[in-house]
Structure formats: C-alpha cells, structure tokens
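[1] Here's a sequence, model it:
(one chain, ligands or ions: 1)
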Amino acid sequence: MNKIIDLRSDTVTKPSAEMRKAMYEAEVGDDVFKEDPTVNELEKFAAELIGKEAALFVSSGVMGNQLCLNVLTNPGDEIICEKNAHIFNYESGSPSALSGIQIYPVEGNLGVFTPEQAEAAIRPVSAYYMPRTKVIEVENTHNRASGAVHPIENIIALKNVAKKYNLFFHLDGARIWNASAATGISVAEYASHFDTISCCLSKGLGAPVGSIIAGSKEFIDKAFCVRKAWGGGMRQVGILAAAGLFALKNNRDRLKEDHEKAQILAQSISANPNLKVNLEAVQTNIIIFEPLKMTVEEAQTKCKEKGLLLSAGTATALRAVTHLDVSFEEIEKAKEIMNRVFS
Ligand code: TLP
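    Below is the predicted model:
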C-alpha cells in the first residue's frame with residue numbers, strides 16, 4: 001500500500017530514529033525545581049541562538065504566545081495585530097479568556113501591516129474610557145498568508161512605532177526558522193527587534209512537542225510563574241526537551257529543502273486552471289490555494305481518497321505544508337493526485 005502523503009501541516013512530522021535516541025538518553029530531573037539538566041541546556045542554547053537574556057520551554061505555540069501576551073498586559077488592555085494572525089484566529093479566544101485582553105485586528109497585505117496602520121490603531125492615552133494599547137504583534141512567517149515572510153524593514157518600522165508609544169513588540173515566530181532559512185537573516189537579528197518571541201520546535205524542525213519563548217530575564221521569570229499557574233509546570237520533561245535540542249541543532253539548515261518542495265508544488269498548482277494560487281506569497285513551506293470548481297471539503301475528501309491529505313487554509317482555500325517527512329518523490333506524487341482531482 002502506498003504511504004499517505006500528509007501535507008496538512010508541518011506539525012505532523014514524527015521524531016526520527018536519531019531524535020528518539022537523544023530522547024531516550026536524555027538526563028532528566030524535576031523541571032518545576034529547575035533541576036532538569038536537559039531542559040536547562042535547551043533553554044540556555046535557545047536563549048543564545050535567539051540572542052535574548054533568557055528562554056523558557058513551553059508545551060505549545062499557543063501557550064508560548066499567550067504566556068507572552070499575559071505577562072506583557074493587564075486585563076482591559078489591547079493588542080494590535082494583523083487580521084489573519086494566528087493569535088486572533090486560531091488560539092481559541094484565549095487572549096480574552098486567559099488574560100482579559102482584546103485584539104485590534106488590522107487589515108494587512110500578505111500578513112504585513114504598515115507602521116501608519118499600527119499608529120492609527122493606537123488608542124490615545126488621554127482617553128481613559130478606551131482600552132489601553134499595550135502590544136504590537138507580528139507573525140513571521142505568516143501562516144494564513146501562505147507562509148509569507150514579513151520584510152525586515154517593515155519589522156523595524158513597526159518596532160519604531162512601538163517604541164515611540166512605549167508599547168511592547170511581540171513576535172509569533174512559530175516559523176521564524178523558515179523566515180531565517182528563506183532570507184538568510186538570523187533568528188537573533190529578527191528577535192533583536194522584539195521584546196518577546198515565541199517559536200515552535202514542533203513544526204518544521206520536527207520535534208514532537210514544544211515551543212520556546214525568549215526575552216529578558218525579568219520577563220522569563222514572570223512567565224515561569226504564569227506557566228505554573230496555567231498547569232504548564234512539567235516534571236521530567238527533559239525527554240521532550242532533548243527532542244527540541246536535537247531539532248534546533250540538526251534540523252534548521254534543511255528547511256530550505258522544504259521551501260524547494262513548496263515551490264515545486266506551487267508551480268504545478270499555478271499551472272492548473274482549476275486552482276488559484278498567489279505565487280508571490282509562497283516564500284517558504286506553506287501553500288494556500290483555492291479550488292475553483294468544488295468546495296474545500298469536497299476537495300479534501302477527493303484528495304484523501306487518493307492518498308493525499310490537505311488542510312483548510314481558510315473557508316474557501318486549501319492548505320498544503322511541506323516538511324521533513326515528505327520526500328521530493330512524494331511531492332511529485334502529490335502533484336499527480338492534485339492534477340487528477342482538479343482536472
Ligand atoms: N498552527 C497550526 C494550526 O493551528 C493552524 C498549523 O497547523 O499551522 N503560531 C502560528 C503562526 C502557528 O501556525 C501555530 C500553529 C501556532 C502559533 C500554535 O502552535 P501550537 O499548535 O504548537 O500550539
């Protein structure tokens with residue numbers, strides 16, 4: 001039987017034999033007492049790589065973003081982000097549920113909003129009856145914008161707005177590794193413009209679980225307490241941290257390969273008159289595309305019958321994500337399946 005080609009997300013990867021060996025051999029201790037040597041090593045390694053004073057291993061990307069937002073805000077505060085941002089669309093309403101804060105979404109282009117838009121969205125400090133703007137948030141790469149990279153010049157311009165108004169600047173860098181692989185700009189350079197960053201180990205890097213948040217020591221100390229309050233204090237979690245450490249050390253350079261695979265697939269999608277894709281947006285490992293002659297659900301079902309799994313990118317679009325568990329050969333197979341289904 002042919003293997004199912006799973007392009008629903010880069011989260012579907014399974015730990016490799018070498019990664020499992022690192023997990024098996026990991027030294028562990030009680031991380032709630034900060035006594036897990038492998039977690040401590042991962043946090044130190046990640047902080048250095050990201051170029052921040054301190055880092056914290058957390059269970060997921062959602063937890064990472066939400067911990068950052070919680071520590072940076074007080075109930076009643078507001079956060080400016082792009083309308084298609086993950087924190088606004090895919091985190092179960094947790095800014096309001098967990099932190100009592102609200103989102104001010106700004107309409108962007110490929111996930112990018114301008115400094116002028118950010119400035120216009122900031123509430124006047126004198127208006128005591130309005131929410132207080134506290135954070136500007138950026139997502140890089142941008143999931144719903146087909147993995148588009150946020151240009152560094154715009155990041156710097158947004159940072160300057162944040163600084164001018166004394167706001168925090170947070171990066172949802174779930175896939176910052178992909179942005180860095182695509183542009184050659186280091187993760188530390190990206191992170192240097194932000195107060196706080198959350199980045200995933202369990203997406204393109206291939207770890208089974210976990211994210212890292214990074215920022216100042218003071219910020220991480222506060223996040224450590226909130227993580228415990230939210231039930232995220234884990235014990236001998238070095239077994240999972242070992243996978244993250246392995247991923248950070250071994251799987252960053254190969255992300256370019258995933259981007260090549262996405263290009264190959266996107267070109268084929270673009271050549272199909274029954275599919276619509278914005279090739280300009282496909283800059284990393286995500287392809288958002290529209291089936292023109294059937295619904296997203298019908299398209300998913302038909303592809304699945306032929307051994308190809310796709311996710312829904314939006315209500316009208318499909319999403320294919322390339323990753324380390326899908327080969328170039330399987331990408332060719334995926335192209336064939338799509339051309340049969342969308343003929
Ligand atoms: N994204 C998932 C789904 O939630 C859509 C995926 O399959 O891509 N920030 C960004 C930009 C993300 O894409 C995701 C996950 C997260 C945060 C949350 O990460 P997890 O799933 O680890 O909580």
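[2] Please make it C-alpha for all contacts and neighbour counts, starting now.
    Noted.
[3] Give me the number of neighbouring residues for residue 89.
    Around residue 89 sit 11 other residues, with neighbours defined as other Cα atoms under 10 Å.
[4] Oh, that last question was meant for residue 253, not what I typed.
    Residue 253 has 14 neighbours, counted by other Cα under 10 Å.
[5] Now it: closest residue in space, sequence neighbours ignored.
    residue 181 (7.0 Å; Cα to Cα, 6 or more residues apart in numbering).
[6] swap in residue 246?
    residue 19 (6.2 Å).
[7] isn't there a strand covering that neighbour?
    No - Residue 19: not assigned to a strand; according to DSSP: H, G, I helix; E, B strand; the rest coil it is helix.
[8] Can you give me the separation between it and residue 323?
    For residue 19, the distance to residue 323 equals 16 Å [Cα to Cα, to the nearest Å].
[9] can you pull the contacts of the residue nearest to residue 246?
    By Cα atoms under 8 Å, 6 or more residues apart in numbering, the contact set of residue 19 is 207, 242, 243, 246, 247.
[10] same thing with residue 194?
    159, 168, 169, 170, 171.
[11] distance of it from the ligand?
    Here residue 194 is placed at a distance of 16 Å from the ligand (Cα to the nearest ligand atom, to the nearest Å).
[12] With residue 266 instead?
    18 Å.
[13] how many other residues sit next to the closest residue to the ligand within the stretch 1-150 of the chain?
    Closest to the ligand within the stretch 1-150 of the chain is residue 61: 3.3 Å, counting by Cα to the nearest ligand atom. Residues lying near residue 61 (other Cα under 10 Å) number 27.
[14] try residue 6
    Residues lying near residue 6 (other Cα under 10 Å) number 23.
[15] What of residue 128?
    The number of residues packed around residue 128, counting by other Cα under 10 Å, is 9.
[16] for it, helix, strand, or coil?
    Following three-state DSSP, we place residue 128 in the coil state.
[17] Starting from residue 103, give me the distance back to it.
    Here the criterion is Cα to Cα. By it, residue 128 lies 18 Å from residue 103.
[18] Below-threshold pLDDT in the stretch 151-300 of the chain: ranges please.
    Residues of the stretch 151-300 of the chain meeting the criterion pLDDT under 70: none.
[19] Closest residue of it to the ligand?
    residue 174 (4.8 Å).
[20] Would you map out the domains in the protein?
    Listed domain ranges for the chain are 17-250, 254-341 (source: automatic domain parsing).
[21] As JSON lines, these with distance to residue 6 would be great.
    Output for the domains of the chain, formatted as JSON lines (distance: least, Cα to Cα, whole Å):
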{"stretch": "domain 17-250", "distance to residue 6": "14"}
{"stretch": "domain 254-341", "distance to residue 6": "5"}
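[22] Minimum distance to residue 11: which of those domains has it?
    Nearest to residue 11, of all the domains of the chain, is domain 17-250, at 4.6 Å by Cα to Cα.
[23] close enough to count as contact, residue 263 and residue 281?
    No - assessed by Cα atoms under 8 Å, residue 263 is found out of contact with residue 281, at 10.7 Å.
[24] And residue 287, how close does it get to residue 77?
    Counting by Cα to Cα, the gap from residue 287 to residue 77 is 34 Å.
[25] nope, residue 177 is what I meant
    Taken as Cα to Cα, the span from residue 177 to residue 77 is 30 Å.
[26] Name the residue in the two with the higher neighbour count.
    Using other Cα under 10 Å as the criterion, residue 177 and residue 77 rank with residue 177 on top: 26 against 19.
[27] looking at it, that one is touching residue 187, isn't it?
    Yes - shown here, residue 177 and residue 187 form a contact pair, counting by Cα under 8 Å, at 6.8 Å.
[28] List the contacts of residue 259.
    By Cα under 8 Å, 6+ apart, the contact list for residue 259 reads 182, 283, 284, 285, 322.
[29] Serialize those residues to TSV and add fields for neighbour count.
    Output for those, formatted as TSV (neighbours: other Cα atoms under 10 Å):
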residue	neighbour count
182	18
283	22
284	30
285	31
322	28
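[30] So which of the residues you listed sit within strands?
    With DSSP state E as the criterion, strands contain none of the contacts of residue 259.
[31] any chance of these in TSV, with distance to the ligand too?
    As requested, these are exported to TSV (distance: Cα to the nearest ligand atom, whole Å):
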residue	distance to the ligand
182	16
283	15
284	13
285	11
322	11
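[32] biggest separation within the residues you listed, which pair?
    Largest separation among those by Cα to Cα: 182 and 322, giving 14.1 Å.
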